[in-house]
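Trainee: Need a 3D model of the sequence below.
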Amino acid sequence: MNFTQVGNFLRRKLRPAAALAVAAGLWSPALGLADSLGAVPARTSPGWLRTGTIYEIYPRDFSPAGNLAAVTARLDDLHQLGVNVLWIMPIHPIGEKFRKGGYGSPYSIRDYYAVDANYGTLADFQQLVAGAHARGMKVIMDLVANHTAWDSVMMTNKAFYKQDAAGNVIPPVPEWTDVAGLNYGNPELRAYMIAMLKYWIKAADVDGFRCDVASNVPTDFWEQARAQLVQVKPDLMMLAEASKPELLTNAFDIDYSWPLLATMNDVMMHSAPATKIRSTWEENLQQFPKGALHMRISDDHDEARAVARYGLNGALAASALMFTLDGVPLIYNGMEVGDATESGDPALFDKLTIFWSPKERLPLPAIYHDLIKLRNENPAFTSDRLVWLENDNASRVVSYMRLDDSNEFVVVVNLSNRPVAGSLKVLNAAEFKPVKIAGLPDGPQGDLPRFQLDGFGWRIYHRAVATMTAK
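Mentor: Just a heads-up that it's a prediction; the model follows:
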């Protein structure tokens, strides 16, 4: 679901001022996205998720073969990159009735219990999951619970579907003409969907689900499903494609940081002040349950690629931000090589294979590897502790500290395409030293609190914290 689709949904939920802001791309939680849940605790997430890096795979485009075996063949590459949670986009047969594009959307599902023959077999998927587990990686499936294809095997039970006054099955929203909306007022549908989720946990040993348009499915269904699924797999994780605070109290472990992505687009594409990054983050802190976990995204299958929106250096600056903020970062399908192959609607409905060796790119895999390694080796980046630091070029530069009891890291990111110089306010500034990121040239000489950055430049600095020991 892209921002246009989000806007269409939210217009039915928000008061007029907020709806206008969504339509204008100025989405702010302060406008009334939800009542504040800041004092309510979020669901406790599995430790492997909180310290993870998620890699989203679109099997159709991941390789020329476009199947699950080709994903399995590259598990070593993904493991060496450092990612440890693989999100596999839908693997089920795609509907043909009212299909969009030549291949159809993987989110138009004909049979939840089957594997698309173009992708392979159940055994192929089991082998992929087992291979990931052998390398210490988790695997989550894409769950499309809001709708099915029009020629779904479930159409034999019309009561499973939303209907108009005349009894005709209808799409979940009018413009989604290739799918039919499911009716969660029907207890039999709920039981069918929960049984199907249990099947995939037992049959393939998946570690969780990314739940498509989760905000369009009743929250009480998700809570009902979660209560039953954890009895099958206690450390299961569930990712909501949503930015709806109530989902994170009982049902989901993590959601999308859409408000921050919208703000980043506004800053990097429309010259909004970089101070909006902090204000959006702070608004979310108040809006969402205490300790809520968000997936930090700059690229995914619903949007134009980050390198197309921001340029190559801008996309890297956006990644530096998302990988060092609190939350769990996402890499999408070739993003680590700077792939610029189109994504989102209408590319979602056809086949556009990743080009794994693009010309004249920075050594991006090495850069992403070191960003992931930095997170993996330093709990300061996977905790909730984040302190915003003032700098004297705040309209273009964001600066903050990630810290724990042993280490402090200062991150400075220029979100404009122009060089900047300035200083920031940080204690013990002279003790911070630049962190070496493989593939990135050394920055200009100089120590904090002064900084000097190229357009879309960024630096990370480290200081070990002296601890008091009892005599």
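Trainee: okay, and for the protein, where does confidence drop off?
Mentor: Within the chain, the stretches with pLDDT under 70 are 1-38, 444-445, 467-471.
Trainee: how is it carved up into domains?
Mentor: Segmentation of the chain into domains, based on automatic domain parsing, reads 43-273+289-381, 386-464.
Trainee: just how off-centre is the shortest one within its chain?
Mentor: I take that to be domain 386-464. 25 Å (C-alpha atoms, centre = their mean, to the nearest Å).
Trainee: what does the longest one give?
Mentor: With C-alpha atoms, centre = their mean as the basis, the distance from the averaged C-alpha position of domain 43-273+289-381 to the chain average is 8 Å.
Trainee: first to last residue in it, what's the distance?
Mentor: 20 Å (C-alpha to C-alpha, to the nearest Å).
Trainee: ok, now stretch 51-69?
Mentor: 28 Å.
Trainee: can you check stretch 438-453 too?
Mentor: 18 Å.
Trainee: in it, what's buried?
Mentor: L440, L448, P449, F451, Q452, L453 (16 or more other C-beta atoms under 10 Å). Every C-beta, even on glycine, is put in place using the N, C-alpha and C of the backbone.
Trainee: could you dump the domains of the chain to a markdown table with distance to E282?
Mentor: Listed next are these as a markdown table, based on distance: least, C-beta to C-beta, whole Å:
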| stretch | distance to E282 |
| --- | --- |
| domain 43-273+289-381 | 11 |
| domain 386-464 | 8 |
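Trainee: Return the most buried member of those.
Mentor: Mean neighbour count, computed with mean count of other C-beta atoms under 10 Å, is highest for domain 43-273+289-381 among the domains of the chain, reaching a mean of 19.
Trainee: one step back: out of the buried residues of stretch 438-453, which two are the most distant from each other?
Mentor: Largest separation among the buried residues of stretch 438-453 by C-beta to C-beta: L440 and P449, giving 21.3 Å.
Trainee: Contacts for the lengthiest helix in the chain, please.
Mentor: Criterion DSSP state H: the longest helix present in the chain is helix 187-204. Applying C-beta atoms under 8 Å, 6 or more residues apart in numbering, the external contacts of helix 187-204 come out as 112-113, 122, 125-126, 129, 141, 143, 145, 154, 157, 159-160, 182-184, 206, 209, 221, 224-225, 228-229, 232-233, 236.
Trainee: Of those, which belong to helices?
Mentor: L122, F125, Q126, V129, F221, Q224, A225, Q228, L229, V232.
Trainee: For the first one, which non-adjacent residue is spatially closest?
Mentor: Spelled out, that is L122. V115 (5.4 Å; C-beta to C-beta, 6 or more residues apart in numbering).
Trainee: Go ahead and confirm that neighbour touches I91.
Mentor: Yes. V115 is within contact range of I91, at 5.4 Å (criterion: C-beta atoms under 8 Å).
Trainee: Touching both of the two, which residues are there?
Mentor: L68, F125.
Trainee: which one of the buried residues of stretch 438-453 sits closest to W258?
Mentor: L453 (27.2 Å).
Trainee: Might one say that that closest one is in contact with R459?
Mentor: Yes. Counting by C-beta under 8 Å, a contact exists between L453 and R459, whose distance comes to 6.8 Å.
Trainee: where do the contact lists of those two overlap?
Mentor: V412, G443.
Trainee: hmm, back to that, tabulate the ones in helices among the contacts of helix 187-204 in TSV, adding columns for distance to D339.
Mentor: Shown next, in TSV, are those (distance: C-beta to C-beta, whole Å):
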residue	distance to D339
L122	29
F125	24
Q126	28
V129	25
F221	36
Q224	39
A225	34
Q228	39
L229	34
V232	36
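Trainee: residue boundaries of the strands in the stretch 51-200 of the chain?
Mentor: For the stretch 51-200 of the chain, the strands defined by DSSP state E, counting those that start in this stretch occupy 54-57, 85-88, 138-143, 147-149, 179-181.
Trainee: Mind giving me the packing neighbours of the longest one?
Mentor: When you say that, I think you mean strand 138-143. strand 85-88, helix 122-134, helix 187-204, strand 208-211, strand 237-240 (3 or more C-beta pairs under 8 Å, 6 or more residues apart in numbering; DSSP states H and E).
Trainee: Rebuild those as a markdown table, extending it with distance to K436.
Mentor: A markdown table is the format used below for these (distance: least, C-beta to C-beta, whole Å):
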| stretch | distance to K436 |
| --- | --- |
| strand 85-88 | 26 |
| helix 122-134 | 30 |
| helix 187-204 | 40 |
| strand 208-211 | 34 |
| strand 237-240 | 32 |
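Trainee: can you tell me which of these comes nearest to L364?
Mentor: strand 85-88 (19.3 Å).
Trainee: that older thread, possible to save the buried residues of stretch 438-453 as a markdown table with secondary structure and distance to L189?
Mentor: Converted to a markdown table, the buried residues of stretch 438-453 look like this (DSSP: H, G, I helix; E, B strand; the rest coil; distance: C-beta to C-beta, whole Å):
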| residue | secondary structure | distance to L189 |
| --- | --- | --- |
| L440 | coil | 51 |
| L448 | coil | 57 |
| P449 | coil | 59 |
| F451 | strand | 56 |
| Q452 | strand | 59 |
| L453 | strand | 53 |
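Trainee: Can I get those residues in a markdown table including distance to K359?
Mentor: Formatted as a markdown table, the buried residues of stretch 438-453 follow (distance: C-beta to C-beta, whole Å):
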| residue | distance to K359 |
| --- | --- |
| L440 | 20 |
| L448 | 36 |
| P449 | 39 |
| F451 | 32 |
| Q452 | 30 |
| L453 | 26 |
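Trainee: and which of those is nearest A464?
Mentor: When the buried residues of stretch 438-453 are compared against A464 (criterion: C-beta to C-beta), the nearest one is L448, at 14.8 Å.
Trainee: doesn't V426 make contact with the closest one?
Mentor: Yes. Here L448 reaches V426: they are 6.3 Å apart, a contact under C-beta under 8 Å.
Trainee: which residues are common contacts for those two?
Mentor: With C-beta under 8 Å, 6+ apart as the test, L448 and V426 both reach V410, F432.
Trainee: and R309, which of the helices and strands packed on strand 138-143 is closest to it?
Mentor: strand 85-88 (21.1 Å).
Trainee: The closest one - which strands sit beside it in the sheet, and in what orientation?
Mentor: strand 54-57 (parallel), strand 138-143 (parallel) (DSSP bridges).
Trainee: Now that we have those, can you turn them into JSON lines and tack on distance to K351?
Mentor: Shown next, in JSON lines, are the strands paired with strand 85-88 (distance: least, C-beta to C-beta, whole Å):
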{"stretch": "strand 54-57", "distance to K351": "14"}
{"stretch": "strand 138-143", "distance to K351": "18"}
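Trainee: Of all those, which one is nearest G311?
Mentor: strand 54-57 (21.6 Å).
Trainee: okay, stretch 411-422 in PDB with CA atoms only?
Mentor: Output of stretch 411-422 as PDB, limited to C-alpha atoms (Å, rounded to 0.1, in the frame of the first residue of the first chain):
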ATOM      1  CA  VAL A 411      25.500  10.500  14.000                       C
ATOM      2  CA  VAL A 412      25.500  13.600  11.800                       C
ATOM      3  CA  VAL A 413      23.600  13.400   8.400                       C
ATOM      4  CA  ASN A 414      23.300  16.100   5.800                       C
ATOM      5  CA  LEU A 415      19.900  15.700   4.200                       C
ATOM      6  CA  SER A 416      20.600  18.400   1.500                       C
ATOM      7  CA  ASN A 417      22.600  18.100  -1.700                       C
ATOM      8  CA  ARG A 418      24.800  21.100  -0.700                       C
ATOM      9  CA  PRO A 419      28.000  21.000   1.300                       C
ATOM     10  CA  VAL A 420      27.600  22.100   4.900                       C
ATOM     11  CA  ALA A 421      29.900  23.000   7.800                       C
ATOM     12  CA  GLY A 422      29.000  23.700  11.400                       C
END
